[in-house]
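Asks: how would this look folded up:
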Amino acid sequence: MNVNNLTSKEVEQLQQLLNKLTGEKEEPKIETVEDMIDEIIEYFDFDKVKTAMAALDWKWHTDDRGISVPTIKELKDKAREILESAAEARLGEYKSELWEVPIISSTGGFYAQAWCNEDKTKITFLSLKFVVSEWDSGIDE
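Replies: Below is the predicted model of the structure:
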(Lines give C-alpha, C1' and ligand atoms only; values in the text may rest on other atoms or scores of the structure.)
Protein backbone atom coordinates (compact mmCIF):
# COMPACT_ATOMS: atom_id res chain seq x y z
CA MET A 1 0.00 0.00 0.00
CA ASN A 2 1.32 3.42 -0.91
CA VAL A 3 0.10 5.88 1.75
CA ASN A 4 1.20 8.81 -0.43
CA ASN A 5 -1.87 8.13 -2.60
CA LEU A 6 -4.30 8.41 0.32
CA THR A 7 -6.15 11.56 1.22
CA SER A 8 -5.44 13.09 4.62
CA LYS A 9 -8.83 11.83 5.85
CA GLU A 10 -7.99 8.29 4.68
CA VAL A 11 -4.61 8.47 6.43
CA GLU A 12 -6.34 9.55 9.65
CA GLN A 13 -8.85 6.70 9.37
CA LEU A 14 -6.07 4.19 8.66
CA GLN A 15 -4.18 5.38 11.74
CA GLN A 16 -7.28 5.00 13.89
CA LEU A 17 -7.75 1.42 12.65
CA LEU A 18 -4.10 0.57 13.27
CA ASN A 19 -4.33 1.98 16.78
CA LYS A 20 -7.34 -0.25 17.48
CA LEU A 21 -5.52 -3.32 16.14
CA THR A 22 -2.38 -2.71 18.17
CA GLY A 23 -4.24 -1.64 21.30
CA GLU A 24 -2.53 1.74 21.31
CA LYS A 25 -4.49 4.60 22.79
CA GLU A 26 -5.42 7.30 20.35
CA GLU A 27 -3.39 10.47 20.73
CA PRO A 28 -5.25 13.65 21.63
CA LYS A 29 -6.44 15.67 18.66
CA ILE A 30 -3.91 18.04 17.19
CA GLU A 31 -5.27 21.58 17.07
CA THR A 32 -2.63 23.60 15.19
CA VAL A 33 0.23 23.26 12.74
CA GLU A 34 2.59 24.00 15.62
CA ASP A 35 1.07 21.06 17.52
CA MET A 36 1.73 18.81 14.52
CA ILE A 37 5.32 20.01 14.25
CA ASP A 38 5.89 19.60 17.99
CA GLU A 39 4.59 16.02 17.84
CA ILE A 40 6.86 15.16 14.90
CA ILE A 41 9.89 16.67 16.64
CA GLU A 42 9.06 14.75 19.83
CA TYR A 43 8.62 11.32 18.22
CA PHE A 44 10.92 11.38 15.17
CA ASP A 45 14.04 9.25 15.71
CA PHE A 46 16.77 11.90 15.42
CA ASP A 47 19.28 9.56 17.10
CA LYS A 48 18.88 7.14 14.21
CA VAL A 49 19.41 9.96 11.70
CA LYS A 50 22.56 11.10 13.52
CA THR A 51 23.87 7.51 13.59
CA ALA A 52 23.25 7.12 9.85
CA MET A 53 24.89 10.45 9.07
CA ALA A 54 27.94 9.56 11.17
CA ALA A 55 28.22 6.14 9.48
CA LEU A 56 28.00 7.77 6.04
CA ASP A 57 30.28 10.66 7.05
CA TRP A 58 27.42 12.94 5.95
CA LYS A 59 28.19 16.45 7.10
CA TRP A 60 26.47 19.78 7.05
CA HIS A 61 28.00 23.22 7.16
CA THR A 62 27.17 24.91 10.44
CA ASP A 63 27.90 28.50 11.40
CA ASP A 64 29.56 27.70 14.70
CA ARG A 65 31.26 24.34 14.04
CA GLY A 66 32.12 24.45 10.34
CA ILE A 67 31.56 21.26 8.35
CA SER A 68 30.58 18.37 10.62
CA VAL A 69 27.91 15.78 11.37
CA PRO A 70 25.06 17.83 12.86
CA THR A 71 24.08 17.62 16.50
CA ILE A 72 20.64 16.42 17.58
CA LYS A 73 19.67 20.05 18.25
CA GLU A 74 20.77 21.07 14.73
CA LEU A 75 18.80 18.16 13.25
CA LYS A 76 15.68 19.15 15.20
CA ASP A 77 16.06 22.82 14.26
CA LYS A 78 16.40 21.98 10.55
CA ALA A 79 13.46 19.55 10.68
CA ARG A 80 11.28 22.23 12.32
CA GLU A 81 12.40 24.76 9.70
CA ILE A 82 11.48 22.62 6.70
CA LEU A 83 8.17 21.48 8.23
CA GLU A 84 7.24 25.13 8.77
CA SER A 85 8.41 25.94 5.24
CA ALA A 86 6.28 23.19 3.68
CA ALA A 87 3.20 24.29 5.64
CA GLU A 88 3.69 27.97 4.78
CA ALA A 89 4.25 27.20 1.09
CA ARG A 90 1.17 24.94 0.92
CA LEU A 91 -1.12 27.75 2.03
CA GLY A 92 0.92 30.55 0.49
CA GLU A 93 3.01 30.37 -2.66
CA TYR A 94 1.55 27.00 -3.75
CA LYS A 95 -2.04 27.56 -2.62
CA SER A 96 -3.20 27.48 -6.26
CA GLU A 97 -1.92 23.90 -6.70
CA LEU A 98 -4.25 20.92 -6.42
CA TRP A 99 -5.28 20.49 -2.79
CA GLU A 100 -4.75 16.70 -2.87
CA VAL A 101 -1.07 17.10 -3.73
CA PRO A 102 1.39 17.73 -0.89
CA ILE A 103 3.93 20.51 -1.04
CA ILE A 104 7.48 19.38 -0.34
CA SER A 105 10.35 21.11 1.39
CA SER A 106 13.66 19.27 1.66
CA THR A 107 17.29 19.77 2.52
CA GLY A 108 20.19 17.85 4.01
CA GLY A 109 18.39 14.50 3.77
CA PHE A 110 15.18 15.71 5.40
CA TYR A 111 12.00 15.57 3.32
CA ALA A 112 8.89 17.33 4.65
CA GLN A 113 5.43 17.23 3.10
CA ALA A 114 2.36 19.32 3.89
CA TRP A 115 -1.24 18.60 2.88
CA CYS A 116 -4.21 20.96 3.19
CA ASN A 117 -7.98 20.73 3.25
CA GLU A 118 -10.06 21.02 0.09
CA ASP A 119 -10.71 24.73 0.72
CA LYS A 120 -6.94 25.34 1.00
CA THR A 121 -7.43 27.15 4.29
CA LYS A 122 -5.87 24.75 6.78
CA ILE A 123 -2.93 22.34 6.96
CA THR A 124 -4.37 18.89 7.70
CA PHE A 125 -1.29 16.63 7.64
CA LEU A 126 2.49 16.94 7.89
CA SER A 127 5.12 14.30 7.21
CA LEU A 128 8.87 14.19 7.88
CA LYS A 129 11.32 11.66 6.45
CA PHE A 130 15.06 11.33 6.36
CA VAL A 131 16.02 9.95 2.96
CA VAL A 132 19.38 8.29 2.35
CA SER A 133 18.63 7.03 -1.15
CA GLU A 134 15.68 7.08 -3.52
CA TRP A 135 15.06 6.35 -7.16
CA ASP A 136 11.97 6.89 -9.32
CA SER A 137 11.27 6.09 -12.92
CA GLY A 138 8.23 6.64 -15.09
CA ILE A 139 6.85 7.09 -18.55
CA ASP A 140 5.28 10.40 -19.55
CA GLU A 141 2.02 9.90 -21.44
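Asks: C-alpha only now, for contacts and for neighbours.
Replies: Noted.
Asks: Could I get the full set of helices for this structure?
Replies: Counting by DSSP state H, one finds helices in the chain at the ranges 8-22, 33-43, 46-56, 72-91.
Asks: most tightly surrounded among these?
Replies: Ranked by mean neighbour count, the helices of the chain are led by helix 72-91 with a mean of 19 (mean count of other CA atoms under 10 Å).
Asks: Could you check the angle that helix makes with helix 46-56?
Replies: Between the axis of helix 72-91 and that of helix 46-56 there is an angle of 110 degrees, by axes from the mean of the first three to the mean of the last three CA atoms, to 10 degrees.
Asks: Quick one: list the elements packing against helix 72-91.
Replies: Counting contacts by 3 or more CA pairs under 8 Å, 6 or more residues apart in numbering; DSSP states H and E, helix 72-91 is packed against helix 33-43, helix 46-56, strand 103-107, strand 110-116, strand 123-130.
Asks: Tell me which of the ones you listed lies nearest to residue 11.
Replies: With respect to residue 11, and counting by CA to CA, the nearest of the helices and strands packed on helix 72-91 is strand 123-130 at 8.9 Å.
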